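Chemist: Here's a sequence, model it:
(chains A and B)
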Amino acid sequence: DAEITQSPRHKITETGRQVTLACHQTWNHNNMFWYRQDLGHGLRLIHYSYGVHDTNKGEVSDGYSVSRSNTEDLPLTLESAASSQTSVYFCASSEEGKGTDTQYFGPGTRLTVL
Amino acid sequence: GENVEQHPSTLSVQEGDSAVIKCTYSDSASNYFPWYKQELGKRPQLIIDIRSNVGEKKDQRIAVTLNKTAKHFSLHITETQPEDSAVYFCAPIRPGGYNKLIFGAGTRLAVHP
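Modeler: Prediction:
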């Protein structure tokens, strides 16, 4: 069955380290997204991509970067991890149809920055 | 910037009662109105959505109503069950508008047996 996966599911790192979170989807969706969710809050969009080699900044992009070299993957990189980036990160994907399609979320990655 | 508000932030009902959650938005160009359900420790999942050419949509015990003039849409759950206990999020959006996508802060629904 088609799915969207994230790895690792849990990560502990230290301040200043570079961290990369993986997201892989097998639906062949063009659109992919990264969100962060802080305790007791909603989802905030970090970056999104409409297709290969396309990336765009979301509401809270500072300190994060993404690259899209193929349809299936959108890795999220924290260039220099900060304690304020401790959060749960969700990846999502949707079909073609900009802005008006169901988003399918991955299981999430819990990141702790010490 | 865009503004999305959900009310109430918490809702507690007895099993079998109805629950209504309202989402108010500011972007008049929004034309897609989804509701996501997130159970504790799980990923958000779409439960129902509506597009701007429809005023109401129903799927078994859940329904969504849209008032574009007043810029709000609501989630209605009838005959609530304990498994409806979760956090519900709205995320109205305009075409090509992911740069302005804002999720509501969420409504925590507790259904007591």
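Chemist: Next up, the contacts around the closest residue to B:E39 other than its chain neighbours.
Modeler: Nearest non-adjacent residue to B:E39, counting by C-beta to C-beta, 6 or more residues apart in numbering or on different chains: B:A86, 4.7 Å away. Placement of C-beta: from N, CA and C, glycine included. Contact partners of B:A86, counting by C-beta atoms under 8 Å, 6 or more residues apart in numbering or on different chains, are B:37-40, B:108-109.
Chemist: do you know how far B:A86 is from B:S28?
Modeler: 30 Å (C-beta to C-beta, to the nearest Å).
Chemist: Likewise for A:R17?
Modeler: With C-beta to C-beta as the criterion, A:R17 and B:S28 are 44 Å apart.
Chemist: Repeat that for A:Q6.
Modeler: Applying C-beta to C-beta to A:Q6 and B:S28 gives a distance of 35 Å.
Chemist: Name the residue in these two with the higher neighbour count.
Modeler: A:Q6 (21 against 10; other C-beta atoms under 10 Å in any protein chain shown).
Chemist: Run a quick neighbour tally on residue 84.
Modeler: Using chain A here. Neighbour tally, A:S84, other C-beta under 10 Å: 10.
Chemist: Chain B is the one I meant
Modeler: 20.
Chemist: who does residue 48 bridge with?
Modeler: As the question left the chain open, I've gone with chain A. A:F33, A:N56 (DSSP bridges).
Chemist: The chain in question should be chain B.
Modeler: Here B:I48 sits in beta bridges with B:W35, going by DSSP bridges.
Chemist: try the one 10 residues further on
Modeler: In this structure, B:K58 has beta-bridge partners B:A63, where bridges are defined by DSSP bridges.
Chemist: do B:A19 as well
Modeler: Beta-bridge partners, per DSSP bridges, of B:A19: B:I77.
Chemist: do you know how far it is from B:H112?
Modeler: 12 Å.
Chemist: Which residue of those two possesses the greater neighbour count?
Modeler: Between B:A19 and B:H112, counting by other C-beta under 10 Å, B:A19 is the more crowded of the two (20 against 11).
Chemist: surely the more buried one meets B:L109?
Modeler: Yes: in this structure, B:A19 is within contact of B:L109 by C-beta atoms under 8 Å, at 5.8 Å.
Chemist: So the residue nearest in space to the middle of chain A versus chain B, what's the distance?
Modeler: Nearest to the mean C-alpha position of chain A, counting by C-alpha atoms, centre = their mean, stands A:W34 at 2.8 Å. Going from A:W34 to chain B by C-beta to the nearest C-beta, to the nearest Å gives 11 Å.
Chemist: circling back to that earlier point, any residues in contact with both of B:A19 and B:H112?
Modeler: B:V13.
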